[in-house]
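**Q** What follows is a predicted structure for the sequence shown.
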Amino acid sequence: MSGENTEDLTLLGSQEVKYSFDYDPEVLETFDNKFPGRDYFVKFNCPEFTTLCPITNQPDFATIYISYIPDVKMVESKSLKLYLFSYRNHGGFHESSVNMIMDDLIGLMDPRYIEVWGKFTPRGGISIDPYCNYGRAGTKYEEMADKRLMEHDISPETINNR
């Protein structure tokens, strides 16, 4: 990131990182999007996600896929890694974890569009792959979110009528 404005990034390049073993959205950091006038996807594939089943306290393993179209701010990847690590001892169902990740990232950077997909390792012969997305209301990004839901056989009306 030579020549980039990085003074607000406290984790990138630091050898003194403390790993939180409790859910911690405060570890997330952002930096300015250098191309705010352009729509483009940023995609993260996070294959080492773990969380705990809130009933059995057994670990659940997943690959988390995060894709977003940034606006003004972008999430810094090392802080994202530490944030996802903070789920390690968090008790939450698969669907809750995926939605919490999306909500935290929306609150952090207010992206134009975002989707989060968890591909959890099968347990007892069943895998759970929760998917959620968000596009700003009243924009082409909201239409994009509705289209992506339909690709996953989810009706936008079903979501909106809850």
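**A** Looks like it came in fine.
**Q** contacting residues around residue 133?
**A** By C-beta atoms under 8 Å, 6 or more residues apart in numbering, residue 133 lies in contact with 102, 113-116, 145, 148-149. Just so you know, the C-beta spots here come from the backbone N, C-alpha and C atoms, and that holds for glycine as well.
**Q** Can you tell me the SS state at it?
**A** strand (DSSP: H, G, I helix; E, B strand; the rest coil).
**Q** for the chain, what spans make up the strands?
**A** Counting by DSSP state E, one finds strands in the chain at the ranges 30-32, 42-52, 59-69, 73-75, 113-120, 131-135.
**Q** For burial, what's the neighbour tally of residue 25?
**A** 14 (other C-beta atoms under 10 Å).
**Q** which non-adjacent residue is nearest it?
**A** Nearest residue to residue 25 in three dimensions, chain neighbours excluded: residue 104, at 4.4 Å (C-beta to C-beta, 6 or more residues apart in numbering).
**Q** Check residue 90 too.
**A** The nearest residue in space to residue 90 (C-beta to C-beta, 6+ apart) is residue 23, at 4.3 Å.
**Q** lowest average confidence, helix or strand, in this structure?
**A** Among the helical and strand segments of the chain, the one scoring lowest on mean pLDDT, DSSP states H and E is helix 156-160, with a mean of 53.
**Q** unless I'm mixing things up, residue 89 is touching residue 21, no?
**A** Yes - if you go by C-beta atoms under 8 Å, residue 89 and residue 21 touch, sitting 5.0 Å apart.
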